[in-house]
Each structure stands twice: as C-alpha cells, then as structure tokens.
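Engineer: Any chance you can model this:
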Amino acid sequence: MSNRTVPLRRRTSLLQDPSDRKPPTINDLRVKECYICRDEERYDDPAANRREWVHPCKCKLIAHQSCLKSFVTTGPANRRKCPQCGFEYQIQSSLAFLSSSLFFRIGDTIFQTMGMSFLATSAVGLATFTAVSVFTVGTGYGAIAVREYFGPGLFDLLLTDEPTNWHAGHFIFLFLTPLRLVSPVMNLGTFTPFFFLWPSIPPHSVREQLTAESSRLDGIFPTTPSTTQKWPPGLKTFGFMVAGTSMLYQRVFARFSEWVLGMKQPEPRGLFRGLTFRREFRRQEGPDGAEQEAVLQVQREAPEEPDTPFANLNGVTQYPNISIMIGLLKPFIASGMGHLLYLGAQHSSTLRLVLGIRRFGDITPLYTSSKLVPELSDNIWYWKYYTATAVHEMDPVWIRNSIGLGIFIVMKDCLHLFHLWLTKRELASRRLKNRDFSGVDLNELDLIHPVSNSRSS
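Structural biologist: You can find the predicted model right below:
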C-alpha cells in the first residue's frame, strides 16, 4: 500500500459531491505543453518562469496566450479554428480599448476612403489632361498640315487659326490627320475628305474684317460666279478626282508590283474581313420531347497573318520609323514639290495650264475678289457668291501640291519596289557554305574511293 500524499486542494475536491465539483481548468494541469511552440511548463515551476496559458477550444489542446494570438492574427482565416476539434476561437477585448480602437478604425476608414477618392480623382484628371493634350497636339498639327497642303489663302479665308471657327467635322478630321498620314493605305487620299469640309462662307470674324477693310462697292451681284472656264475645277470636283486617282493608282501599282516581283500580294484585310465564326452545339431534349441543338458559344476568330513570300520580303525591306517620319512630313513634301512645279510652270505653258496658274507673282497670293458690298454683309447668299468667286480667283495651291505629292509617292513606291526586287534577287542568290570533312573520322564515311588510315596503332 502506497504512502503517497495527496495535495490538500485535490483531497478537498475528492471529498466534494461530484455534482458540486467544478470542471478542471488549465491551472489544474500538472504539465502544460503548447501545441504551437511545444514548450512545457510544470505546475511547480517558479513563478518567474511561468507564462500565460489558454485553453481556447473543446479538446485538450492548449497553448501559450502569446503563441496562439500570434498564430491567429498573422495567418489565414482558417487559423481561427482549432486544428483538432474545429472549434472557432473566441477573442475577448477590453471595452475601453475596444471603444478607442473602434474610433480609430472609423477614422482610418474615412481617411482611406478619402485617399482612394483622391487617387481616383487624380487618375481621372491625369487621363483627362493627357487626352486633352494629345487632342490639342493632334488638331494643331492637322491645322498646320492642312494650311501647308491647301495654301494659306484658302485656310485664312474659310478656316483660320482660331478653333472657335471650326465645327465638329473639322476637329475630327484635323485630329485624325496625323494617323491618316502615317497609315500605309493612305497615300494620295490623305487630304481627300477635307476637299468636302470647307465651309461655304467665311467665319463671322473674317466677314467683319473683310467688310471693314473693303473699299470696293458694287450693289449688283449674280447668283453664281460668272466664269466659263472649265479648268481649274472647283474644290469638290478636284477632291473627287484625287479620290478616284488614289484608288486607281493603288490597284495599278499592286498589279505592277506583282509583275515585277513575280509573286502575288496578300489581299488587305479590313476591320471585319477574314473573320470566321465558330459555334459549339450541344444536343438536349426540347420541351416537346424532341432532340434539338442549342448553341453554347459563338466565338469570332481572326485568322493568323499569312506567311507568304511577299509578306516575308516586305517585312525585310520596311522600316516603320522611317515610314512614320515620311508620313508626318507629307504636307511639307507636298508644299515643296508644289513649289518646284510652280517654278517649272514659268517655263512651260502646258504645265501652267495643268496647274491652273493664271498669273505669276507671289507664290501663294491672298484671296482677292472683284465684288465686295459692305451693305450686303448680312446676306448669306451674297457671302456664298463672294466665297465662290474668291476661291475661283485664288491661286489653286492645292492642285500643284496634290500633283507634287502624287509624284513623290510614285517615286517613293517605285524606289521601294526596286528595293524589294534587289532583296528578292539577293535572297535567291544565297547558298549555304560547303565545307570538307576535315576533322571527321574517315572510317565513318561511305566514300566512293575509300582512304586507308596510314597511322599504325
């Protein structure tokens, strides 16, 4: 029989009625082991070495308070449950600290919302500023390009440098002008739409200036400009001619390129051209019991770029950076080529007739008119007549610039075609270099005349 003594607290609990006995707590354990850090602590260890323990669930797992708190707060959401019994840990807080913390959390939420609103507003403002800047630069360059191409006389009469005199069509076209200039499919027809966008009368500010500076008075004017000349044509008529010439040139030059290179060019694809549609079906039972097909998915697929010899050859000889630079310089090239044609027209009456030049003097004279009646400044029909007469008497800069740009484009395309032809010939002349079998064991070769190995082993 053992003489082991029982602690007083345990002996007291044994003498109590089981129904009055309280369930044991973590302080009743003889040995405590943290299931996180695996450290142990005995009930009789010195108080200085003891740590705070917690039994947070319904099983026998226990842990240090600090270990479990760090384990729960720094891990994923599933760490808030006991890994053995699945009981969800319950966290207690001091009411005073909880109120203070809640107050600061509300403040943090408010400031976080303000910060997000500030960032969103800044992003929208930056995007708006960038869009406005790009639009301003695009329209500004477009205005300069149109002025160079059509001449300052027509531009200052019907459009001017003041954006308030422009309508929506002008803004759209001027903004798209740089993109049209660098586009590979827009050569002669870059400025074609603007032939039809010129207003029929000058802006109000220009009309006031013309009326104030006029000293020519004539109270009678015809309904249409009095002219029997068929050339030079009007702006819209010449615009149709430029558009038709551009389309015809693209077709003819494409055929000529195929003849020179001996290979067919791939057909240009539009935005929706070449797209195929793939449908997936599933058989299912209909409401009347019959089997029917239901479309699960309709997907638009675009074919890959064709790997043709012409595409490979064109990719070797094209330089995007140079193409963009030449595209943006087209208005100034057109103006320069037009000036050369103007100089040549001084020595050729035929060229002078083709370019529509009536007199020599200032290369780009300002608009003039034989009739300007200040008393009729409020009459729209009079201003339409005046505008038509002024444009008709104006030096048609746009004709020689269009012809000059066309000559430049033909020369550029022919030079590029010659480059393609040379590149094709050079690629066809390439051969892989042939080498002998030096360094190879001759016994491994099936030679017509075998060579014996003279070296003795």
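Engineer: The residue nearest to I333 when sequence neighbours are not counted: what secondary structure?
Structural biologist: Leaving out its chain neighbours, the residue that sits closest to I333 by Cβ to Cβ, 6 or more residues apart in numbering is F408, at 5.4 Å. Heads up, the C-betas are built off the backbone N, CA and C, glycines and all. Following DSSP: H, G, I helix; E, B strand; the rest coil, we place F408 in the helix state.
Engineer: what's the answer for E33, then?
Structural biologist: strand.
Engineer: Contacts for stretch 198-209 next, please.
Structural biologist: 154, 156-160, 162, 165, 167, 210, 235, 377, 380, 383-384, 386-387 (Cβ atoms under 8 Å, 6 or more residues apart in numbering).
Engineer: Restricted to buried residues, select the residues you listed in PyMOL.
Structural biologist: Per 16 or more other Cβ atoms under 10 Å, the buried members of the contacts of stretch 198-209 correspond to this PyMOL selection:
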select buried, resi 154+157+158+159+160+165+210+235+377+383+384+386+387
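Engineer: rewinding a little: now for the residue nearest to I333: which residues touch it?
Structural biologist: So F408 contacts 333-334, 337 (Cβ under 8 Å, 6+ apart).
Engineer: Does D161 touch I144 like I think?
Structural biologist: No - with contact defined as Cβ atoms under 8 Å, D161 does not count as touching I144 (9.4 Å).
Engineer: So which of these two has more stuff around it?
Structural biologist: Between D161 and I144, counted using other Cβ atoms under 10 Å, I144 has the larger neighbour count: 16 against 12.
Engineer: buried set for stretch 331-342?
Structural biologist: Quick answer for stretch 331-342 (16+ other Cβ under 10 Å): 331, 333-339, 341-342.
Engineer: Make CSV out of the residues you listed and add pLDDT, distance to L119 and secondary structure.
Structural biologist: Below are these laid out as CSV (pLDDT from 0 to 100; distance: Cβ to Cβ, whole Å; DSSP: H, G, I helix; E, B strand; the rest coil):
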residue, pLDDT, distance to L119, secondary structure
P331, 90, 41, helix
I333, 91, 46, helix
A334, 91, 47, helix
S335, 92, 47, helix
G336, 92, 49, helix
M337, 93, 52, helix
G338, 91, 52, helix
H339, 92, 53, helix
L341, 92, 57, helix
Y342, 91, 57, helix
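Engineer: Which one of the residues you listed is nearest to R80?
Structural biologist: P331 (69.8 Å; Cβ to Cβ).
Engineer: Next, work out how far apart the closest one and N401 are.
Structural biologist: Counting by Cβ to Cβ, to the nearest Å, the separation of P331 from N401 is 8 Å.
Engineer: Give me the common contacts of these two.
Structural biologist: 148-149.
Engineer: For the stretch 201-350 of the chain, give me the ranges with low pLDDT.
Structural biologist: Along the stretch 201-350 of the chain, segments meeting pLDDT under 70 span 214-229, 265-321.
Engineer: Try it again at 50.
Structural biologist: 217-227, 270-282, 284, 292-307 (pLDDT under 50).
Engineer: where do the strands sit along it?
Structural biologist: 276-285, 291-301 (DSSP state E, counting those that start in this stretch).
Engineer: list the buried ones in the helix or strand hosting L415?
Structural biologist: Element membership for L415, per DSSP states H and E: helix 397-428. Buried positions in helix 397-428, judged by neighbour count with 16+ other Cβ under 10 Å: 397-406, 408-409, 413, 417, 420-421, 424.
Engineer: do the same with stretch 386-397
Structural biologist: 386-392, 394-397.
Engineer: of the contacts of F408, closest to R435?
Structural biologist: If you rank those by distance to R435 using Cβ to Cβ, I333 comes first, at 50.4 Å.
Engineer: residue boundaries of the helices in the chain?
Structural biologist: 8-15, 65-73, 95-150, 152-158, 168-182, 204-213, 235-261, 309-317, 320-328, 330-345, 349-355, 380-393, 397-428 (DSSP state H).
Engineer: and of these, who's closest to A47?
Structural biologist: Taking those one by one with Cβ to Cβ, helix 65-73 is closest: 16.2 Å.
Engineer: and S246, how many neighbours?
Structural biologist: When counting by other Cβ under 10 Å, one arrives at 19 neighbours for S246.
Engineer: so it touches F195, yeah?
Structural biologist: No - shown here, S246 and F195 do not form a contact pair, counting by Cβ under 8 Å, at 12.0 Å.
Engineer: Not counting sequence-adjacent ones, nearest residue to Y43?
Structural biologist: Spatial nearest neighbour of Y43, chain neighbours left out: R30 (5.3 Å); criterion: Cβ to Cβ, 6+ apart.
Engineer: so the one you found makes contact with E40?
Structural biologist: No - contact criterion Cβ under 8 Å: R30 and E40 do not qualify, at 10.6 Å.
Engineer: higher neighbour count, these two?
Structural biologist: The residue with more neighbours, out of R30 and E40, is E40; 10 against 7, by other Cβ under 10 Å.
Engineer: got the contact list for the more buried one?
Structural biologist: Taking Cβ under 8 Å, 6+ apart, we find E40 in contact with 31-34.
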